[in-house]
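# Fold the following for me, if possible:
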Amino acid sequence: MDRIKLAHGEVTLGQPTQWSIYSSNGQLLLRQGSVISRQEVLDKIFLHDPFRNAEMIINQSIDAANNHFQLAKNTLSKNYNPFNEITRFSTRYRNILKDIEKRDPVVAKKVMRLAADIQSLVAFDEDACLGAIHFYYDQTYTALQPIYKAILCELTATLLDYNPTQRLSLLAAAITSNIGLTGIQEQLNKQSIPLSEQQQKIIHNAPAKAVELLNDCGIKDSVWLKALIENHERNDGNGYPWGLTSKYIGVFGKILGLADTYVAMITKRAYRKAALAQSALKEIYQMSSKEDETIYLNFIRQLGAYPPGTLVKLANNETAVVIYRGFGNSIMSSAMSIADPNGKYYGNPIKRDTSLEEFKVSKIHIPTTKPDLNPDVLWSYK
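Below is the predicted model:
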């Protein structure tokens, strides 16, 4: 399909894009129907000399894009706060667990509604969503992990050009991906000794148990269930429950597996420290195979060189929190400086453009104690 240079007036803040947008080297920057809510994001897109398709993509109609945007618009309000919403999502997740325990047929509707709301949240502010994943280090892990995985799945599947309806089934799988471990997961997170034989058996059987529980609730969505049972399979055949190798694992199972692996790696456990985002992404890329390298690369691109929520040191030696990503291979981002070169905290964070030499990110910062920071202030939410 022919492509032409994108004009500034062809993209409007708060409105779904009518075309997929590509960088000058052909990398997909935004899928058709994406909503840009911040000027900083729009400005960064135009740094890449962007192009669009000459015609609207046929396989996803503008009506579908507008309907998706309307869903987001109807859900949001002027006081919408992504960080508060994610906390509410975790509460809704806990309620869904209770419904699953009762084998309530309402589960399918509740999960899909939560999946649609996560889609809306990601469309509203991708960077704040990623910020929550890397910033909420003191929140209850078991209730937030499925929400984080769903966010990462939405970002990756969007970049791979799956439509909103297809992505809903993937997000539903992410939301319910831990239900086979209900009652034991918190114990596993806190455990510092090796797994017992009984625990290993429970973990190995967890995907099949999750599918069984959902079947008991009347759920027959094959895309949802397939992604769920395959998300712990691994390319080298050392995953479970079936030990599938790369070419036999579905795309959505791989995406969900990536999200699960990444969230687990960057989360502190009783027996190990949390991995740095860059280290986790490097290790994840090494797990890719020839068949699925594109999936892995798009997962990594969506997080960026320094994912939002990452603590960093700038060239001027200030300590800062990354709040917006660079696109593609770019390491340009925006950050909020929270402390001066001597480590003294500012009364109010100061926004820094890391594309400028003096504010360039120099390295990830690992503090001895996590600073007490308010994400609402960093991302300018009330």
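# Can you get me a residue count around the residue lying closest to Ile179 once chain neighbours are set aside?
The spatially closest residue to Ile179, leaving aside those adjacent along the chain, is Ala210, at 4.8 Å (Cβ to Cβ, 6 or more residues apart in numbering). In this view, the C-beta of every residue, glycine as well, is placed from N, C-alpha and C. With neighbours defined by other Cβ atoms under 10 Å, the count for Ala210 comes to 23.
# quick one, what contacts Ala210?
Applying Cβ atoms under 8 Å, 6 or more residues apart in numbering, we find Ala210 in contact with 176-180, 228-229.
# for Leu225, what are its contacts?
173, 211, 214-215, 219.
# Sort out for me which of these are in helices.
Among the contacts of Leu225, DSSP state H puts 173, 211, 214-215 in helices.
# Tell me which other helices or strands the helix or strand where Thr261 lies touches.
Element membership for Thr261 (DSSP states H and E) is helix 251-265. For helix 251-265, the contact count by 3 or more Cβ pairs under 8 Å, 6 or more residues apart in numbering; DSSP states H and E identifies helix 141-159, helix 164-175, helix 222-230, helix 277-285, helix 293-303 as packing neighbours.
# Determine how far the third one lies from the middle of the whole chain.
Think helix 222-230. Distance of helix 222-230 from its chain centroid, counting by Cα atoms, centre = their mean, to the nearest Å, is 19 Å.
# That helix vs helix 251-265, what angle?
Inter-element angle recorded for helix 222-230 and helix 251-265: 40 degrees (by axes from the mean of the first three to the mean of the last three Cα atoms, to 10 degrees).
# Could you dump the contacts of Ala210 into TSV with neighbour count and pLDDT added?
Putting the contacts of Ala210 into TSV (neighbours: other Cβ atoms under 10 Å; pLDDT from 0 to 100) gives the following:
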residue	neighbour count	pLDDT
Thr176	29	97
Ser177	26	95
Asn178	19	93
Ile179	24	94
Gly180	24	89
Leu228	29	96
Ile229	22	95
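# Any chance of JSON lines for the helices and strands packed on helix 251-265, columns distance to Leu130?
Formatted as JSON lines, the helices and strands packed on helix 251-265 follow (distance: least, Cβ to Cβ, whole Å):
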{"stretch": "helix 141-159", "distance to Leu130": "7"}
{"stretch": "helix 164-175", "distance to Leu130": "15"}
{"stretch": "helix 222-230", "distance to Leu130": "21"}
{"stretch": "helix 277-285", "distance to Leu130": "10"}
{"stretch": "helix 293-303", "distance to Leu130": "7"}
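# After the helix or strand bottoming out on mean pLDDT in the chain, which helix or strand is next?
Within the chain, no helix or strand scores below helix 62-75, which has a mean of 48 by mean pLDDT, DSSP states H and E. Downstream of helix 62-75, the first helix or strand assigned by DSSP H and E is helix 82-101.
# so for the following helix or strand past that next one, what's the average pLDDT?
Scanning forward in sequence from helix 82-101 by DSSP H and E, the next helix or strand is helix 107-124. What helix 107-124 shows for mean pLDDT is 92.
# Flag the shaky bits of the chain, pLDDT-wise.
Applying pLDDT under 70 to the chain flags residues 1-3, 7-10, 14-16, 18, 33, 53-79, 136-140, 184-192, 270-271, 326-332.
# residues contacting the residue nearest to the spatial centre of it?
Centroid-nearest residue in the chain: Leu152, 2.2 Å away (criterion: Cα atoms, centre = their mean). Going by Cβ under 8 Å, 6+ apart, Leu152 touches 133, 174, 258-259, 262-263, 299, 302.
# Which members of the residues you listed are the farthest-apart pair?
Within the contacts of Leu152, two members stand farthest from each other by Cβ to Cβ: Ala174 and Gln302, at 14.6 Å.
# So for the two, which sits in the more crowded spot?
Ala174 (32 against 21).
# you'd agree the more buried one is up against Gln145?
No. Assessed by Cβ atoms under 8 Å, Ala174 is found out of contact with Gln145, at 9.5 Å.
# Most neighbours out of the contacts of Leu225, which is it?
Ala173 (31 neighbours).
# Name the nearest residue to that residue, sequence neighbours excluded.
Counting by Cβ to Cβ, 6+ apart, Ala173 lies nearest to Ala227, which is 3.8 Å off, once chain neighbours are set aside.
# So what's the residue count around the one you found?
Ala227 has 28 neighbours, counted by other Cβ under 10 Å.
# do the same with Leu47
13.
# Likewise for Val377?
13.
# Going forward, the N-terminal residue is numbered 764.
Okay, using 764 as the starting number, the last item reads as Val1140.
# Kindly provide the distance from it to Glu1054.
44 Å (Cβ to Cβ, to the nearest Å).
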